[in-house]
Each structure stands twice: as structure tokens, then as C-alpha cells.
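K.L.:
pasting the sequence and the predicted coordinates here, then a few questions.
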Amino acid sequence: MATRRNRTTRATLGALVALAVTALVSACMPAEGRYSSVQHPVSELTTVADRVYGQAEDYAGTVVPLKLDLFLPPAGGPATRPTVVLVHGGSFSGGDKSNMAGTARGYAQRGYVAVALGYRLDPNAAESTQRYLAAATDAIDDGLEAVRWLRANATTYRIDPERIAVIGSSAGGAVALGTAIADDPTPGGPLAAWSPRSDAAVSTGAHLTPGIDLGFVTFEPTDSPVLMFHYDVDTATGNDAAYARRTCDGLTDAGVYCRFVQQPGSGHTVDLNAGGPWWTDEIGPFLWDQLDIPNA
């Protein structure tokens, strides 16, 4: 069974060191080198498409395969590598894993194993709050199952099973947060021996605050560290930053590291690309620190 590296230590110290980590994290990632700057051209990457990581009933009650694509750095280098799972948005009703292929390649060029995740969608998720929450729950369940699958197949793809981050935009951001916080709604199955929790999560344009209000989401010291991006006012949801921040506050109160990056004005998502405007100061250093990449 995969273990979760240093989680107990983080839970114990999280609240005390949060400010110090925030101040120091930007100094941790070097400007050049593996996992921080481009190491490989796209032509050297290997794509493994449509790996089935599970199956589940969709919104119509039909059992469907769940698929992901892997983008692998070339052979050589470390025996195992940190992994990032990229999750597309689309209000749980649309989008496709191919939407994150370019972003995934950017991470793989830096040495990460990168994964573009497909998950269950409900084209009518917006019809009611109940249906929307059901679609969100299914999507988070799929994200958790994908993390299990990656750990179970770590040897095949040279994945470090203790260094898996999930990064998502909009609805995909909620999936990312769910892999850090949520309990598995469908425990058991052939991959039950493997932990479904990510080791870190990055979200933009998302939060789990409705689940907090409904009692679906609670926080524990064993939750995973999170980096959240949110505008003063989200143009897709209408939520303000204070409402979204309650997700981060819940983690902090539980002793888990969470950084909330608030953008001024209105908008929905920020660029999550490796090498993008948030890479050097926020996303890259967060992964570098929380996945303990210097010791990878």
C-alpha cells in the first residue's frame, strides 16, 4: 500500500509554519533544472492515450469506462518521477481530457509524469442543485480513483507514488480540491489497497464551500496541502473571494497548509501552465515544496 509521505508531520506543524512556508517557498525552486525549466522538446515525449483507470455508472445509469492520457518524459534520469494530474473544466457538463493535453506536455517537458484526466460528465448538470452536486461528486470520485490507479501502476510509468499532485481549472479545480480533502464516496474495488488522496492540489476558479455548508465536506489534519487561485468576484459563479476562502480557512484551521492567492477584480480562472505567469512565483514553488522535489 502506498504511504503518504510526511503527512503526519505536516498536520502537526501546518498551522505553525504556514506563514514561514509562504515566505520561503519562492526561494526553493531554482530558475533552471529538472522540474522547474524545460528539459525535453515535445518530440521526445511519449504519449500513452486512453488508459482505462476504472469504470462507473454515469448520470443515465450506464456503466462507462474512465480514461486518462499520460505524457511521459524520455527514458533516463530519475528512477521515479513526481506526477501532475491535469483536470479540465466545463461545469461538470462538458469539456474533455484533450483540453489539458497542451498543459500536460508542458509539465512533461520539465520532467514530470503528466496526466490529462477524463471523468464522468452530466450534460444536464445545471438543471438543478441536486443534479449539479451529484455530477460534482461523481467527478471527484473519478479523480480519487485515478490517483489510486496511478499508484497501482507506478512501476509501469516510473511514477513516484508519494509525489502526486492534482491541478484543475473551474470544475476541474473542484476535482483537484476533492482529491486533497474528500473521503472516497465509493471505497473498495480492485484498487482499494491504494490511497486515493493526492499529495498536493492546485485549483483555480473553484472551491468546496457549498459542500461545507451542506456538511459533505469536513477537514482533517491528514488532508493534503492546497494552493487556491480566486478573483475578488468570480464571473462564472458570482462567488466572492471571502466565500471561496472558507475552503482554505477550513484546511488552515485543521492544521493543513493552504495558500489562497486572490486576484483583483473579476474573472474566473488563471493560467495553470508550467512556464505560465503563475509558474515561477506560485505553482512551481508550491509543487517543489509540497512534493519535496529536492529529495525526489
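P.N.:
That came through fine.
K.L.:
can you give me the helices for the chain?
P.N.:
Secondary structure of the chain by DSSP state H: the helices cover 7-28, 101-109, 129-152, 154-157, 171-181, 209-213, 241-253, 284-290.
K.L.:
return the most buried member of those.
P.N.:
helix 171-181 (a mean of 29; mean count of other CB atoms under 10 Å). Placement of C-beta: from N, CA and C, glycine included.
K.L.:
list the helices and strands it packs on?
P.N.:
strand 81-87, helix 129-152, strand 159-169, strand 200-204, strand 226-234, helix 241-253 (3 or more CB pairs under 8 Å, 6 or more residues apart in numbering; DSSP states H and E).
K.L.:
dump these into a markdown table; add mean pLDDT and distance to residue 57 as well.
P.N.:
Output for these, formatted as a markdown table (pLDDT from 0 to 100; distance: least, CB to CB, whole Å):
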| stretch | mean pLDDT | distance to residue 57 |
| --- | --- | --- |
| strand 81-87 | 98 | 20 |
| helix 129-152 | 97 | 9 |
| strand 159-169 | 98 | 23 |
| strand 200-204 | 98 | 26 |
| strand 226-234 | 98 | 29 |
| helix 241-253 | 98 | 28 |
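K.L.:
out of the ones you listed, nearest to residue 278?
P.N.:
Closest of the helices and strands packed on helix 171-181 to residue 278 is strand 226-234, at 7.2 Å (criterion: CB to CB).
K.L.:
so that closest one versus strand 200-204, what angle?
P.N.:
Angle of strand 226-234 versus strand 200-204, following axes from the mean of the first three to the mean of the last three CA atoms, to 10 degrees, is 10 degrees.
K.L.:
got any ranges where the chain has weak pLDDT?
P.N.:
1-27 (pLDDT under 70).
K.L.:
before we move on, back to that, got TSV for the helices and strands packed on helix 171-181, with distance to residue 295 too?
P.N.:
Below are those laid out as TSV (distance: least, CB to CB, whole Å):
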stretch	distance to residue 295
strand 81-87	11
helix 129-152	19
strand 159-169	9
strand 200-204	15
strand 226-234	20
helix 241-253	24
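K.L.:
of those, which is nearest residue 47?
P.N.:
strand 81-87 (13.5 Å).
K.L.:
what strands line up against the closest one, and which way round?
P.N.:
strand 113-117 (parallel), strand 159-169 (parallel) (DSSP bridges).
K.L.:
out of those strands, which is the most enclosed?
P.N.:
When these are compared using mean count of other CB under 10 Å, strand 113-117 is most buried, at a mean of 28.
K.L.:
give me the contacts around that one.
P.N.:
68-73, 81-88, 97-101, 103-108, 142-143, 146, 150, 157-159, 172, 175 (CB atoms under 8 Å, 6 or more residues apart in numbering).
K.L.:
got the CA positions of that strand in PDB?
P.N.:
Provided in PDB are the C-alpha atoms of strand 113-117 (Å, rounded to 0.1, in the frame of the first residue of the first chain):
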ATOM      1  CA  VAL A 113       4.900  12.500 -15.500                       C
ATOM      2  CA  ALA A 114       1.800  14.400 -16.600                       C
ATOM      3  CA  VAL A 115      -1.700  13.100 -16.900                       C
ATOM      4  CA  ALA A 116      -4.800  14.500 -18.600                       C
ATOM      5  CA  LEU A 117      -7.800  13.200 -16.800                       C
END
